[in-house]
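1. I need the structure of the sequence given here:
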Amino acid sequence: MQRLIIVSLTWLSCLNWLSPAQAAETTTEAPPRGALYEVSDGRHTLLLFGTIHVGAPDFYPLEPRLRQALAAAPVLALELDPQNAAAMQEAAQRHGLYPPGQHLLDQLAPPLRQRTMATLQRLGLPEQGVQNLRPWMLALALTVQEYARHGYQSALAVDSHLAASVRAHGGQILELESAERQMRLFSQLSDAQQAQFLDDTLKELQDSHLNRRIDTLVDAWRHADSAGLASALRELQEDDSFTSRFTLKNLLRDRNPGLATGIAALLRRQDKAVAGIGILHLTGPDSVPALLAKQGLQVRQLY
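-> Residues are numbered from 1 along each chain as shown. As a prediction, this is how the structure comes out:
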């Protein structure tokens, strides 16, 4: 199972504000990473890049063609603006935290409570520090922690790097979604579903093959391996667990039309813009590039 990894790739842009940072940039040549598409309406052209919502120092620099586009882009469209911390914190408090007097461990059935406590102890996290988190928010926080253990940091997320590159020359950052909308996807889950999401995450964190799977999928982004990314999506589709179904439908398919609509609208009014969205939104028959092509736009994969 790769649920933990898929969630990170597709949704964790809303958590990048936890530890903002900027990767060092150099002039060193670099290979293609992620996936890059050129989208045109016959008048304007836009580059669409597949990001990953965690990062590592060796992700950078990005390849020259994308760097040059970012250096000149008047607008960069992202799922969320990494610097919009106030909106993200407000949404997190509204949707991801229990009200005063309610505590996470008190809401969990005994078996799940025991597994949660054991995982926190194993990771060196104090129970008191997570008691106000709802189950889904704890699951995502543990996911971030697991990535950090492997050297992948939300502070070095590709989205943040793109935004810093465009802001450096005075370009505009456009949000295709909002922190409110993203976090509401999870807060609308029932208590039982949130507990199941946490339970699935805890089980995955105990998977002896998790290290290899994290590295395999991140390496697929690192080397612009479209086949590897498509394989990860197929594995998600073949898994019938609640969390996999939720990830596939709510975090991927249901968001793709809105992302495509926002990108198409930007293309119609602005030339030479760049858009960066989670890499798995660019994968599969109902992906954002496929939806853009159905709107009559010219879509060409560059790598």
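
2. and the strands in the stretch 1-150 of the chain?
-> Applying DSSP state E, counting those that start in this stretch to the stretch 1-150 of the chain gives strands spanning 36-40, 45-51, 75-78.

3. any chance of a markdown table for these, columns mean neighbour count, distance to Leu62 and mean pLDDT?
-> Where C-beta positions appear, they are placed from N, C-alpha and C, glycine not excepted. Output for these, formatted as a markdown table (neighbours: other CB atoms under 10 Å; distance: least, CB to CB, whole Å; pLDDT from 0 to 100):
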| stretch | mean neighbour count | distance to Leu62 | mean pLDDT |
| --- | --- | --- | --- |
| strand 36-40 | 20 | 10 | 98 |
| strand 45-51 | 24 | 8 | 97 |
| strand 75-78 | 24 | 13 | 98 |
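
4. let me have those in a markdown table, extended by distance to Leu108.
-> Compiled in a markdown table, the strands of the stretch 1-150 of the chain are given as follows (distance: least, CB to CB, whole Å):
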| stretch | distance to Leu108 |
| --- | --- |
| strand 36-40 | 43 |
| strand 45-51 | 33 |
| strand 75-78 | 34 |
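
5. and the ones you listed: which comes nearest Arg213?
-> Closest approach to Arg213 among these (CB to CB): strand 45-51, 18.9 Å.

6. how big is the angle separating the closest one from strand 36-40?
-> On the basis of axes from the mean of the first three to the mean of the last three CA atoms, to 10 degrees, strand 45-51 is oriented at 150 degrees to strand 36-40.

7. pairing partners for strand 45-51, with directions?
-> strand 36-40 (antiparallel), strand 273-278 (parallel) (DSSP bridges).

8. would CSV of the ones you listed with distance to Lys249 be doable?
-> What follows is the strands paired with strand 45-51, written out as CSV (distance: least, CB to CB, whole Å):
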stretch, distance to Lys249
strand 36-40, 24
strand 273-278, 15
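
9. do you know which of those lies nearest Ala87?
-> Short answer: strand 273-278, nearest of these by CB to CB, at 18.3 Å.

10. any residues touching that closest one, and which ones?
-> Applying CB atoms under 8 Å, 6 or more residues apart in numbering, the contact partners of strand 273-278 are 9-11, 13, 44, 46-53, 66, 69-70, 73-79, 158-159, 162, 166, 176, 259, 263, 266-267, 288.

11. apply 7 Å and report the result again.
-> With CB atoms under 7 Å, 6 or more residues apart in numbering as the test, strand 273-278 has contacts from 9-10, 46-49, 51, 53, 69-70, 73-79, 158-159, 162, 259, 263, 266, 288.

12. what's the neighbour count on His161?
-> By other CB atoms under 10 Å, the residues close to His161 number 23.

13. returning to that earlier point: to Gln83, which of the strands paired with strand 45-51 lies closest?
-> Once these are compared by CB to CB, strand 273-278 is nearest, at 14.4 Å.

14. mind listing what's buried in the next helix-or-strand element following the closest one?
-> Using DSSP states H and E, the helix or strand that follows strand 273-278 in sequence is helix 288-294. Within helix 288-294, the residues that count as buried by 16 or more other CB atoms under 10 Å are 288-289, 291-293.

15. cool, stretch 250-260 as well?
-> Applying 16+ other CB under 10 Å to stretch 250-260 flags 251-252, 255-256, 259-260 as buried.

16. also stretch 219-239?
-> In terms of neighbour count (16+ other CB under 10 Å), stretch 219-239 has its buried residues at 220-222, 224-226, 229, 231-233, 235-236, 239.

17. so can I have TSV of those showing pLDDT, secondary structure and distance to Pro57?
-> Below are the buried residues of stretch 219-239 laid out as TSV (pLDDT from 0 to 100; DSSP: H, G, I helix; E, B strand; the rest coil; distance: CB to CB, whole Å):
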residue	pLDDT	secondary structure	distance to Pro57
Ala220	93	helix	19
Trp221	95	helix	15
Arg222	94	helix	12
Ala224	96	coil	18
Asp225	96	coil	20
Ser226	94	helix	24
Leu229	91	helix	22
Ser231	90	helix	26
Ala232	87	helix	23
Leu233	89	helix	27
Glu235	86	helix	28
Leu236	86	helix	28
Asp239	88	coil	32
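
18. what is the nearest of those residues to Pro110?
-> Asp239 (26.7 Å).

19. report the separation between the closest one and Gly129.
-> From Asp239 across to Gly129, the span is 31 Å (CB to CB, to the nearest Å).

20. and for Glu204?
-> In terms of CB to CB, Glu204 sits 22 Å off from Gly129.
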